[in-house]
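> show me how the following folds:
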Amino acid sequence: MIDSERYYVQRQEIHVFLVRELAAPSQEPGEEDRIVRLFPDRESAYQFADAINDMQRKLDRHTDTPWSVRAV
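Here you go, the predicted structure:
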């Protein structure tokens, strides 16, 4: 499941966007996922999620077991 994104954005309230980390690569996004960071606007949240997903893919390429090392 290397093609899926580990970090995603969830709108929590009207002006709060959460970036969360999936609990496991085989799971759907849910409330058990770790909250990484909060943002007041959608654009900043997606920019952050995209950047850490890029960083995570680079880390995963250099480890024997993907998902063993966190980007954040």
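
> show me how far stretch 55-64 is from its chain's centre.
For stretch 55-64, the separation from the chain centroid amounts to 14 Å (computed by CA atoms, centre = their mean, to the nearest Å).

> sorry, that was for stretch 18-28
7 Å.

> which residues does it contact?
Contacts to stretch 18-28, defined as CB atoms under 8 Å, 6 or more residues apart in numbering, come from residues 1, 4, 6-12, 29-30, 32-39, 45, 48-49, 52, 66-67, 70, 72. Every C-beta, even on glycine, is put in place using the N, C-alpha and C of the backbone.

> among the residues you listed, which ones are buried?
When these are checked for burial by 16 or more other CB atoms under 10 Å, the buried set is 6-10, 33, 36, 39, 45, 48-49, 52, 67.

> check the residues you listed and tell me the two furthest apart.
Greatest spatial distance among these (CB to CB): Phe39 and Trp67, at 23.9 Å.

> the strands in the chain, which residues?
7-13, 16-21, 34-39 (DSSP state E).

> residue ranges with poor pLDDT in the chain?
1-3 (pLDDT under 70).

> and Ile35, what does it touch?
Ile35 neighbours (CB under 8 Å, 6+ apart): Leu18, Val19, Arg20.

> chain neighbours aside, what residue packs nearest to Val9?
Distance criterion CB to CB, 6 or more residues apart in numbering; nearest residue to Val9, sequence neighbours excluded, is Ala45 at 4.5 Å.

> ok, back up a step: may I see the strands of the chain arranged in JSON lines, with distance to Lys58 as well?
Formatted as JSON lines, the strands of the chain follow (distance: least, CB to CB, whole Å):
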{"stretch": "strand 7-13", "distance to Lys58": "14"}
{"stretch": "strand 16-21", "distance to Lys58": "16"}
{"stretch": "strand 34-39", "distance to Lys58": "17"}
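
> closest one to Gln56 among those strands?
Using CB to CB, those put strand 7-13 closest to Gln56, at 6.9 Å.

> give the pairing partners of that closest one; include direction for each.
strand 16-21 (antiparallel) (DSSP bridges).
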